[in-house]
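1. this one's sequence-less:
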């Protein structure tokens, strides 16, 4: 297997299992705006492209009123920000991989989750120190699959695209890797199916990340 020097991770569905908490706060917002509650599996299909897309997908009519959508997004962020870790936790073996086999590799996070909420979760789960950089959706870059945030991480840390791999669970991540010119590794335990996209590597468990070292 090709060796890498920098691993760029997605967050939700890759490093951390946030599904139950996202579903809880999304349904809370839907209730406030008079929309029906959505099952967790339906929320799962909508994670990956940011809060706006999440709520638009769960309640399509929100798109007809931009101001209402913004109110819903702001309510979601405020509620989530107040208590981002209820059932959220790292996936099994993530911590062991970060402090073991991958400890000598540089690591970063590029996510479509809000920057401050991502940093809060990293802090509460005590894993933020494993990563050289974390870039969220509101950190000055366009959301994935735009490659700017990923390219910024690569150049800032002094690497070339060929030295890097992007590890994620979604088609958004796959296109991000392609747009940035880096290899893509798909985690099949995450929240999304890749459909027609063929990743270079497939991991059914974080324990398999040891092969990247």
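-> In hand now; what should we look at? Quantities reported herein were computed from a predicted structural model and do not represent experimental measurements.
2. Any stretches of this structure with poor pLDDT?
-> 1 (pLDDT under 70).
3. where exactly do the helices run in it?
-> Ranges of helices in the chain, per DSSP state H, are 19-32, 40-46, 51-58, 66-82, 94-99, 115-125, 148-156, 171-180.
4. looking at those helices, which is buried most?
-> Ranked by mean neighbour count, these are led by helix 171-180 with a mean of 22 (mean count of other CB atoms under 10 Å). C-betas here are computed from N, CA, C, even on glycine.
5. To residue 208, which of the helices of the chain lies closest?
-> Minimum separation from residue 208 across those (CB to CB) falls at helix 94-99, 8.8 Å.
6. The closest one: how far from the chain's middle?
-> Centroid displacement of helix 94-99 relative to its chain, using CA atoms, centre = their mean, to the nearest Å, is 17 Å.
7. repeat for stretch 63-74
-> Worked out by CA atoms, centre = their mean, stretch 63-74 lies 23 Å from the chain centre.
8. Now do the domain split for the protein, please.
-> For the chain, automatic domain parsing gives the domain ranges 6-17+88-212, 19-82.
9. what's the closest of the helices of the chain to residue 191?
-> Judged by CB to CB, the one of these that comes nearest to residue 191 is helix 40-46, at 5.1 Å.
10. Show me the contact partners of that closest one.
-> 19, 20, 22, 23, 26, 27, 53, 54, 57, 58, 191, 192 (CB atoms under 8 Å, 6 or more residues apart in numbering).
11. Relative to residue 122, which of these is nearest.
-> Closest to residue 122, out of all of the contacts of helix 40-46 and judged by CB to CB, is residue 22, at 16.0 Å.
12. Can I get the helices of the chain in TSV including distance to residue 164?
-> Shown next, in TSV, are the helices of the chain (distance: least, CB to CB, whole Å):
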stretch	distance to residue 164
helix 19-32	27
helix 40-46	28
helix 51-58	26
helix 66-82	30
helix 94-99	17
helix 115-125	20
helix 148-156	6
helix 171-180	8
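13. which residue of the protein sits farthest from its center?
-> Distance to the chain centre peaks in the chain at residue 34, reaching 28.1 Å (criterion: CA atoms, centre = their mean).
14. now it: how far from residue 68?
-> Computed as CB to CB, to the nearest Å, the residue 34 to residue 68 distance reads 10 Å.
15. Likewise for residue 60?
-> Taken as CB to CB, the span from residue 60 to residue 68 is 12 Å.
16. what do you get for residue 202?
-> Computed as CB to CB, the residue 202 to residue 68 distance reads 40 Å.
17. can you check residue 183 too?
-> Distance, residue 183 to residue 68, by CB to CB: 41 Å.
18. same check, this time on residue 4
-> In terms of CB to CB, residue 4 sits 44 Å off from residue 68.
19. again, but for residue 57
-> 15 Å.
20. who touches the residue lying closest to residue 37 once chain neighbours are set aside in this structure?
-> Excluding the flanking residues, the one nearest residue 37 by CB to CB, 6 or more residues apart in numbering is residue 27, at 4.8 Å. Residues near residue 27 by CB under 8 Å, 6+ apart: 37, 38, 43.
21. The first one contacts residue 30, correct?
-> Yes. Counting by CB atoms under 8 Å, a contact exists between residue 37 and residue 30, whose distance comes to 6.3 Å.
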